[in-house]
Each structure stands twice: as C-alpha cells, then as structure tokens.
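*Asks:* Quick check, what structure comes out for this input:
(chains A, B, C, D, E and F)
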4 protein chains.
Amino acid sequence: MPATEPFAHSFTVPEEPTTPRGQRTRAALVVAARTVFERDGFLESRVIDITTEARCSAGTFYTYFESKEQAFAAVLLQVKEEMLHPGLPHVPDDGDPRAVIEASTRAYLETYQRNARLMALMEQVANISPEFQRLRRDRGAAFVDRNARSIADLQTRGLADPGLDPDLASRSLSGMISRLAFFHFVVDAELGEPSPADLDSLVSTASRLWANALRLPESSHARPPQE
Amino acid sequence: MPATEPFAHSFTVPEEPTTPRGQRTRAALVVAARTVFERDGFLESRVIDITTEARCSAGTFYTYFESKEQAFAAVLLQVKEEMLHPGLPHVPDDGDPRAVIEASTRAYLETYQRNARLMALMEQVANISPEFQRLRRDRGAAFVDRNARSIADLQTRGLADPGLDPDLASRSLSGMISRLAFFHFVVDAELGEPSPADLDSLVSTASRLWANALRLPESSHARPPQE
Amino acid sequence: MPATEPFAHSFTVPEEPTTPRGQRTRAALVVAARTVFERDGFLESRVIDITTEARCSAGTFYTYFESKEQAFAAVLLQVKEEMLHPGLPHVPDDGDPRAVIEASTRAYLETYQRNARLMALMEQVANISPEFQRLRRDRGAAFVDRNARSIADLQTRGLADPGLDPDLASRSLSGMISRLAFFHFVVDAELGEPSPADLDSLVSTASRLWANALRLPESSHARPPQE
Amino acid sequence: MPATEPFAHSFTVPEEPTTPRGQRTRAALVVAARTVFERDGFLESRVIDITTEARCSAGTFYTYFESKEQAFAAVLLQVKEEMLHPGLPHVPDDGDPRAVIEASTRAYLETYQRNARLMALMEQVANISPEFQRLRRDRGAAFVDRNARSIADLQTRGLADPGLDPDLASRSLSGMISRLAFFHFVVDAELGEPSPADLDSLVSTASRLWANALRLPESSHARPPQE
DNA sequence: CATGAATGAGAGTTCATTCAT
DNA sequence: AATGAATGAACTCTCATTCAT
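*Replies:* Down below sits the predicted model:
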C-alpha cells in the first residue's frame, strides 16, 4: 500500500532473527538504513535504496522490519549508546562545579558533532512523527533529569541560585546546549555557513553561561576559559 | 509531477493578481493554506485540501502558486509580522535590565504561544527543506543579533559579564528561550503532556537564567517578577 | 509528471528482466503497446490502456519502461526485422535490372502494407519527436544507401543515366516509393478513400518510373510486368 | 474542458468579425498563431502562448476561434496562396517539356523552402488529425491532378511514355518531389544534418528524374542541367 | 530466508475552455 | 469586444508493501 499514513505503524522492533544468516542480513540492513537515512534524509530515502545499499532484495527488508519507520527505530536503537547524552555523571566530579560543567558541555558537543547527521535526522523525523517526537522527548528527559538533579544538588550545597526551579532550569539550560549544537553542527553546516565559532569557544561560552545562570561561584583558581 | 523532489522550486511567487477578484481568491488561498497546514502539517496537507478549504477548484491553486512550498512561503510572508520575534527593543528600557529581560521573555513566549502551530510547522518544514531552513536561520539571526547588541551594550555599561562573547552568548540564550518555548508549547502540547509549568514560571525561570548568565546585578528594589 | 515535455526522455531502456516471469511480462507489454499504439495512435494511447491490454497494473509498466516514448522505442526495436526495408539486394539479381527493380518494389510495398499501421504510427511520432525523427531518418538512410549503391553500380555498368548523382537520385526515388506507399496504405486507407489502384498497378507504375528515371534499357524479352 | 478529444471539432471557420477592431484582433491572432505554431509545433503550443503573442487575453481567443484546431485551420487558410503548389501551369510552356519541368520543380522547391516550418507543421498535424489529413490530401490532390493532366498531355503529344498511368505516375512523381523537399528542408534542417545538396542540385536531379521517368526526349539544344 | 516482480491508491500538475465582469 | 480568473477532468508517475516462487 503506497503513501499511506506515515508513522501510523508502531515501531516496536520485532524479535531478532535467530539464524546467523538472518542476523547478518538484519545487521547489514540497519547499517544500510543509517547510511541512506543520514545521506538522503528520512523522507527522501526509499526502501529500495536501503536494500540496494545492503545488497539484498526489496522483499528482504520486510522480513526484518514492518515499515520504513521501524527500520529507523532500529537504527536509533543500535546507536543508542552513541546518542546517549553524556550528562554530568560521566565526568569526574572533582569538586569544582564549573570544571564539571565545562567537561560535560565539551563531552556533549563532541558527541553531538560526531553524530550530527543522525541528530539532524532525529530532528527531522521527530517533527514529522508523534511517535518519534515522544521518543526524542523521553530521551531528552533523561538528560534533563540528570541535569536537574545536579542543579538541585548544587542548590543543596549552597552553590547554586536557590531561586531557580531545578527542573525548569534544567529544561532551559539543556535546551540551550542542544539548540546551540543543532544550529552549529547541523543548520550552519548544512547551509554551508562559515562557522562562527570553534568548538573551544562554544564550550567556553556555553559552560560559562550555564554556570553563571546557576550563579555558581567562580572557580577558586580563576582560569577564565576565554577572553 | 507527482511526488517528485520536494522543494525543488524557488520561491519566486507569480505576480500578484491585479483584479479585486483575484486578490480575494489569493488571500482566501493563503488563509486556507495556513489553516490546513496548521491542522494537518505540511506533509500531510494536499493541495486539494487547501482549495477545498478555500472553496475553489484545484486548478485555481496553480494560478497563484507554483507548488505547495510556494504557498507555504506565502503563508509565512503573510504572518511575518506575527512571527517577528519581539526581542528586547520592543519593551521599555526603564533602566532595570532584569525587568527588561523579563518583559522581553514574556513577550516572546506569549507570541510563541499564540503562533505555536505555525512554529511547529516551521520547525517541521525547516528540517525538510534547505530553503526554509535558511529562511528560519535568517529570521532567527535577526533576533539573535538584536539580543547580541543588547548584551554588548550591557557589557559596555559594566553590567554584564565581560568574559562572554556577545554573539555566542546571544546565540546560546536565544536558543534557550526558543527551545524552551518549542518544547513547552509544541512538543508537550502535541504529546498531551501535563504542562510542567505555567507561563509565569517559564518567564520567571527563563529570564532569571538569562540575567544570571550575563551576571546582571540583582534588581535594586525587589519588584514582583512580573507585573 | 502529467503532460510535461513529451519525449524529453532518452531511450535508455532499463535492464532487461532476468526472470522468466519478468521477461513474459515485458514481452506482453511490448505486444500490448504495439496493439494499442496501432489502434489509437501514439498520442491517444494512455499507459493505462497498455497495461490493461497486457493485463497488469499501471505500476508494472514503469518496471520496464520509463515512459510511453520508451515503450514505443521498444516496439520499434521488436519489429525492427519486419520494418527493415527489403531494398534491392533482397531479390535475386538475375541480370535484368528492370525485373530486379520491380521485384524490389513489390517486396517493399508488400512489407509496407503489412505494417501499414506501424508506418503510420512512425510517421506520426517522427513528426512529434526529434528523437524518433532521427530514428526514422537513420533507418531510411540505410535503405537509401543501398539503393544509391545499386544505382551507382548500374551507372558503372553503363546501364543507368550517368548524369545522375546516385545519392540524390536514390533519395528521390526511395522517397517516391515510400510516399506512394504512405498515401496509398495509410492516408487513403484511413480516410476511407476508394483505392485508386491495386497493388499490381502500383508496382508496375512505380517500378517503371524508377527504371525509366535511371534510363535503364527496356527488358530484352518483354516479360509480363509481374509474374 | 481540458484535454478532450483533440480534433473532435470541425474546423469550419466562423464568420469574420464585422468591426474594424474585431478584424484587427482576429488578424493579430492568426499571425500570432502562425508564429507560435511554427515555433513550438502544434502540440506544444498553448492557447495562452498565442494570445500572449497577440497581446490579448485568453478569453479573446474564443471570440474568434472555437478551438486551437480552428485557429490552425485559419492559419492554413490565410497562407493558402503561399502553400498552393505552383504546379506546371505556373511556368511558361515554352515548348521544351524538360525546361518546363525544371522550372516547375525549382518553383516548388523554392516555395517549400520558404514555408518549411509551415510544411513541417502541416505534416505534424495531418498525422494527428484525420480532418487535417484530409485537408492535406485534398490540397495535394489538386497538385497531383494538375501534374496528371500535364503527363496525359505529353503522352497525347507522343512525348511521354504511353505505358504509364497518368494519375498513378503523377501521384508517384509528385510524392517524390514533396518527400525530397520534406527531408531536405524539414527533417535534415531540424536534425541539424549537414545539407547533402544545394538547391540547384536538387532541382537538377529531381527534374531530370521526373523527365526521364516520363521518357521525355532530351532537350533539343542539349544543355544537361548538371555534370 | 531470499527474491524481485507486481500492485494500486494517490498526488501533483496542466491547460483548453468557460463565463462573470 | 475584451478580460482574466476559474474550472476540473485527465493523466503520468511513485513507491511502500505484498506474495508467489
């Protein structure tokens, strides 16, 4: 059935194939799907492009996925680790909150940069499909929650502005970073805009804004990241 | 041409109709296009839905637009005023930067809320079409530039953290507000999420973060967060 | 693409199907295309008429051809043998040039008669599409060249008017025969004109004119004009 | 009603307009129609192209013509004089049949050359529409008949091969000339083929073939046209 | 499990023609 | 007589999905 309601299908990925051959084919399809999706975007990608890329026939695609959407979901699942936002816990908490924030910010931006095409894709698909909109939201929420806990902790320790709602502040600041990354690594890159800043400047400014916004005290050994 | 390369058309709108009748029809089509686009999204909208809504025949659409994309561009043009981000200059500069920021933030969020469907649409289309990606970028840049000037001004006046690059800071903070608005008024609304915050909280938190991030001094006489 | 530039496509036929089923379907489509084209003319034929005739769905057509034009090219390719102008060499050169010319003329006219609908079609399409105009020209050139060599040979043997340019004479005389056939088997037949002459008269007159035009000597023993 | 049966309309041209303005507009439309038809071909020409060329509105076209076909008929009527084949009677019968034939041939080819685009057009339309197929046939018949009478006359005077049927011979030879002209001035020209012969060679060869075909005696003052 | 031909609903777009102004 | 906006039937082509082999 052509051109039906897109995204009307659930994207519950069905059981993994049991035979080695099946696993190989499926894996090839997921890799191919990622390649094609990242290259052409979700809408412009044809199932046949994916199967061609995976060197199998059109029908085989439907042995492993019920729809193009499901294949996209499989791609997302496969790269989940990469996409996991490396929030604050991933960096050593060495006692200097500003340093922690900067390290986290750097880690986030570097990860974003590595997966820029995929993030662009996610942005595209999330705005087309409520299912993926929810997926993005939920994944983002994990990131936001982690940061919210960090903010609350800093408030408890008397280091952060107690007048801020930790959740809302985290939503805002996390969105700040992700939007900055999106415009920098996706929009400007796609449009061929000259990069207005290098990664260090981004990290420096963004983490300084974040720390300032929480009213964190200056680092003891004052080492202004830029200026 | 069925389902060919989307967005292959330039945005050169055919000459405006000269007769009143033509102007009426075209206007009706633009209104209908906005209605349909906002209701169904860009991709799910059919030209015939628009003409049905405008109570004219399918062929008439092509008297005024070369494609669905062009009609969308016409919608954006028509509502440009509404979409214009109010930015800082639109509110009275009464000497208290925090108050100005709060007023601006409120104005922005209120505008966003009023045009939430359109903003969602823009987000969708921009992630599909490079042409509209650029349009969004350029419009956003105007907003960012205004805020950057404001930040630089505050730095000059010794009120804002001199260690911040005004442009990058503006990109970051402007993105923070727009992303917050997007998640609040579009994503959460579409997904039927219980609103985690009311408008006042959003305004209060966002503007406090913004002012903190710049290290603006506390307002001298503690005024109520909004008035 | 509805009713856009006709004949904008090249004639690169997609790869032949490998499976027997595919070959069967493709062959059925070519047969159906010929039937429909001959019945309705090229312009009046719809792709859907062809697929209906071939008992397959509309989409299947595009598995094998990129356009109606390409299907027509496939028809021409398939019936190339039939359409090949028999020309002089195909008949025994028994030493009497007039007899050879008469036999050739008869063979040509009989072939034309058998493929009259196809010739009409070719005439129609060639006058619409430069691609097919060239195809017709090139095919005609083969016929003309053969006759030109024959004329030159007769001149060498002192049997034909040496004052004639063999190429131009062949172009002229070949055109004479083909035009005669066209008017007789296509135009008059389509218009329901009473046939002004039977095949024997056509052969007799045309071959006599051809032979006279070259100033071939009379046949020695007056044989009956046709056997 | 778009895309209806082409040529389903009769092409009886309706009454001429009475007012001077109407006559002017109609004349402009006929000129424009010829220009556009000759430039783009009948099928590729749009009514709106014609009215644009004539600097009037689309609706005005239908004040004077019932259809695109009728406008084409009007063009043909207007240029009837030019298109009239200048058969034998148009040249002085100075007693030398070969000279007469050569002069006629030259006149025909020169006329054809001048109206090549129109002849191409006629060839295109005649192969699309039975109505115009008939028109072409009838006009050609006038030419053929004239030549047939000439041939019969030459036979009566003992100058032409009495074994030829005058009508069939005329059909054949007239077709020879028109086909030669068509390939030379239309096909080769459109395809950008290098002209294989100049006008003088065409005239010389064609008229010699014609005269030979009738077995006309050599001109008394033997002046071989070429060689 | 793999193949790849077949499906067919559906969309965008054209343009000759009409008709209210 | 002129205008030009409106009409809408018709057509081509796409591609996700199915299914016989």
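
*Asks:* only C-alpha atoms for contact and neighbour calcs from this point on.
*Replies:* Noted.

*Asks:* May I see the buried residues of stretch A:95-112?
*Replies:* Judged by neighbour count (16 or more other CA atoms under 10 Å in any protein chain shown), stretch A:95-112 contains these buried residues: A:97-112.

*Asks:* tell me how far the helix or strand containing residue A:76 is from the chain's mean position?
*Replies:* Take DSSP states H and E as the rule and residue A:76 turns out to sit in helix A:68-78. In terms of CA atoms, centre = their mean, to the nearest Å, the centre of helix A:68-78 is set 14 Å apart from its chain centre.

*Asks:* helices and strands around it, which ones?
*Replies:* Under the contact criterion of 3 or more CA pairs under 8 Å, 6 or more residues apart in numbering or on different chains; DSSP states H and E, helix A:68-78 touches helix A:20-40.

*Asks:* Which strands and helices lie in contact with the helix it packs on?
*Replies:* Using 3+ CA pairs under 8 Å, 6+ apart, helix A:20-40 is in contact with helix A:47-53, helix A:68-78, helix A:116-126.

*Asks:* so does the last one get close to chain B?
*Replies:* In this case it means helix A:116-126. Yes: using CA under 8 Å from any CA of the partner chain, helix A:116-126 reaches chain B at A:120, A:123-124.

*Asks:* The residues you listed into JSON lines, with extra columns for distance to residue C:64 and pLDDT?
*Replies:* Output for the residues of helix A:116-126 next to chain B, formatted as JSON lines (distance: CA to CA, whole Å; pLDDT from 0 to 100):
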{"residue": "A:120", "distance to residue C:64": "36", "pLDDT": "95"}
{"residue": "A:123", "distance to residue C:64": "37", "pLDDT": "95"}
{"residue": "A:124", "distance to residue C:64": "34", "pLDDT": "96"}
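
*Asks:* From the residues you listed, pick the one nearest chain C.
*Replies:* Using CA to the nearest CA, residue A:124 is the member of these that lies nearest chain C, at 27.0 Å.

*Asks:* Is residue A:62 within a helix or a strand, and which one?
*Replies:* helix A:58-64.

*Asks:* now swap in residue A:211 and tell me
*Replies:* helix A:199-213.

*Asks:* in that helix, what counts as buried?
*Replies:* For helix A:199-213, by 16+ other CA under 10 Å, it's A:201-213.

*Asks:* any idea of the angle that helix forms with helix B:199-213?
*Replies:* Here helix A:199-213 runs at an angle of 120 degrees relative to helix B:199-213 (axes from the mean of the first three to the mean of the last three CA atoms, to 10 degrees).

*Asks:* if we can go back for a sec, residue B:152 is nearest to which of the helices and strands packed on helix A:20-40?
*Replies:* Nearest to residue B:152, of all the helices and strands packed on helix A:20-40, is helix A:116-126, at 30.6 Å by CA to CA.

*Asks:* what bits of chain A have low per-residue confidence?
*Replies:* A:1-17, A:81-94, A:220-227 (pLDDT under 70).

*Asks:* Show me how it divides into domains.
*Replies:* Listed by automatic domain parsing, the domain ranges of chain A are A:20-78, A:80-213.

*Asks:* could I get these as CSV with distance to residue D:144?
*Replies:* Shown next, in CSV, are the domains of chain A (distance: least, CA to CA, whole Å):
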stretch, distance to residue D:144
domain A:20-78, 60
domain A:80-213, 69
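
*Asks:* what's the closest of these to DNA strand E?
*Replies:* For these, the distance to DNA strand E is smallest for domain A:20-78, at 2.7 Å, taking CA to the nearest atom of the strand.

*Asks:* these two touch, right, residue A:49 and residue A:36?
*Replies:* Yes: proximity of residue A:49 to residue A:36 meets the contact threshold set by CA atoms under 8 Å, at 7.1 Å.

*Asks:* Settle it for me: which of these two has more neighbours?
*Replies:* Set residue A:49 next to residue A:36 and count neighbours by other CA atoms under 10 Å in any protein chain shown: residue A:36 wins out with 22 against 17.
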